[in-house]
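S.K.: structural data only, the sequence is not supplied:
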């Protein structure tokens, strides 16, 4: 199925690069400092995302353009819906449970002995397992790891020696898991066993030169193609399942952080960006930096999955 999807995707382009920028529009016109982790919550037809450095969870309602905010009070990495109305949030302490009022409690401590490390981006597979990794905020090389957190709150370190754990995603039949270690220069792919939740046979899916941007968050579409945001690169790129660059979306800002599909029938690609106003990173501060953008690339995405945890499953840990 992946090879057929790849052939279709590559045949459409005829070897040329498809440019998707003509459908780009602003979804949320606000200069978020570090917008990240866009997740489509199909139960409410809303887009969840975070402003990491400000510790805010945002819920955007495309139908009326409104946005609601929860203040968490600490730096966070990603937000994901649970099976009930709660959310989980990755943080410096580990995985937090967050209720409707924004009140949090620690569910799973991750690397409590590494004070400089925090959890970053995260995604769930169709069995409700949450995958998320860590990185050193001091950028110590190889100090991070990639973890799988099961719905019963047991967790497993699956990959060590990670520099900056970031984008995660699966193909449609969940036989492949894509993973971005941002400072490693590309996107990696694992064989994935959906029954056991294990990864194996890691290899490089695509290489991305540092001067083209740093790979960040990613999404996979219904044709098995991988969309990846390039921080400092001002682009979202689309790669075929064989790893060939077949399309791109050019944004008016350099710091592109992540992307994910949502909206009606998952036809919209939402893109988060960063303004980094307090930072002096050598990059100019564009007027639309930090905005959330949306485009309609003409291909549908795969659904975002919730974390399979329910509080009543673990009464001793409540």
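M.R.: Sure thing, it's come through. Just so we're clear, the structure is a prediction, and the values are computed from it rather than from any experiment.
S.K.: for residue 162, see how far away residue 132 is.
M.R.: From residue 132 across to residue 162, the span is 11 Å (CB to CB, to the nearest Å). The way it works is simple: take the backbone N, C-alpha and C, and place the C-beta from them, glycine included.
S.K.: so those two - more neighbours on which side?
M.R.: residue 132 (28 against 23; other CB atoms under 10 Å).
S.K.: show me what whatever helix or strand the more buried one lives in is packed up against.
M.R.: Secondary structure assignment for residue 132, by DSSP states H and E: strand 130-136. The contact analysis (3 or more CB pairs under 8 Å, 6 or more residues apart in numbering; DSSP states H and E) places strand 130-136 against strand 76-81, strand 117-124, strand 144-149, strand 155-162, strand 165-170, strand 176-181.
S.K.: any idea of the mean pLDDT in the second one?
M.R.: Looking at strand 117-124 alone, the average pLDDT works out to 98.
S.K.: kindly report the same for the fourth one.
M.R.: pLDDT averaged over strand 155-162 equals 98, rounded to a whole number.
S.K.: and what of the first one?
M.R.: If you average the pLDDT over strand 76-81, you get 98.
S.K.: the helix or strand following that strand pairs with which strands, and in what direction?
M.R.: Next helix or strand after strand 76-81 toward the C-terminus (DSSP H and E): strand 87-91. With DSSP bridges as the test, strand 87-91 is paired with strand 76-81 (antiparallel), strand 94-98 (antiparallel).
S.K.: give me the contacts around the longest one.
M.R.: Contact partners of strand 76-81, identified using CB atoms under 8 Å, 6 or more residues apart in numbering, comprise 36-37, 39, 41, 43, 48-50, 52, 55, 57, 87-91, 96, 98, 118-124, 130, 132, 304, 306-307.
S.K.: among the strands paired with strand 87-91, which is the most enclosed?
M.R.: Across these, averaging neighbours per residue (mean count of other CB atoms under 10 Å) puts strand 76-81 on top, at a mean of 26.
S.K.: got the angle between that one and strand 165-170?
M.R.: Relative orientation of strand 76-81 and strand 165-170, computed by axes from the mean of the first three to the mean of the last three CA atoms, to 10 degrees: 20 degrees.
S.K.: biggest strand in the protein by residues?
M.R.: What stands out as the longest strand in the chain, according to DSSP state E, is strand 198-207.
S.K.: please spell out which residues along it are buried.
M.R.: Buried residues in strand 198-207, counted by 16 or more other CB atoms under 10 Å: 199, 205, 206.
S.K.: return the member of these nearest to residue 21.
M.R.: Set against residue 21, the nearest of the buried residues of strand 198-207 by CB to CB is residue 206 (20.7 Å).
S.K.: re the thing from before, quick one: average confidence on the strand holding residue 132?
M.R.: The pLDDT scores in strand 130-136 average 97.
S.K.: tell me the angle of that strand relative to strand 87-91?
M.R.: Using the same axes, to 10 degrees, the direction of strand 130-136 lies 20 degrees away from that of strand 87-91.
S.K.: what comes into contact with strand 130-136?
M.R.: So strand 130-136 is in contact with 77-78, 80, 88, 90, 95, 110-111, 114, 116-125, 143-149, 158-159, 162-166, 168, 177, 179, 181, 307, going by CB under 8 Å, 6+ apart.
S.K.: can you flag the buried ones in those?
M.R.: 77-78, 80, 88, 90, 95, 110-111, 117-125, 143-149, 158-159, 162-166, 168, 177, 179, 181, 307.
S.K.: what ranges do the helices span in this protein?
M.R.: Ranges of helices in the chain, per DSSP state H, are 2-13.
S.K.: poorly predicted segments of it, please.
M.R.: The chain contains residues with pLDDT under 70 at 1-15, 278-282, 312-318.
S.K.: mind running it again at 80?
M.R.: Residue ranges of the chain with pLDDT under 80: 1-15, 277-285, 311-318.
S.K.: related to what we said a few turns ago, now do the strand holding residue 132: distance to the chain's middle.
M.R.: Centroid separation for strand 130-136 versus its chain: 11 Å, with CA atoms, centre = their mean, to the nearest Å.
S.K.: what's the angle between that strand and strand 117-124?
M.R.: Going by the same axes, to 10 degrees, strand 130-136 makes 160 degrees with strand 117-124.
S.K.: what's the separation between residue 40 and residue 62?
M.R.: From residue 40 over to residue 62 the distance is 10 Å, taken as CB to CB.
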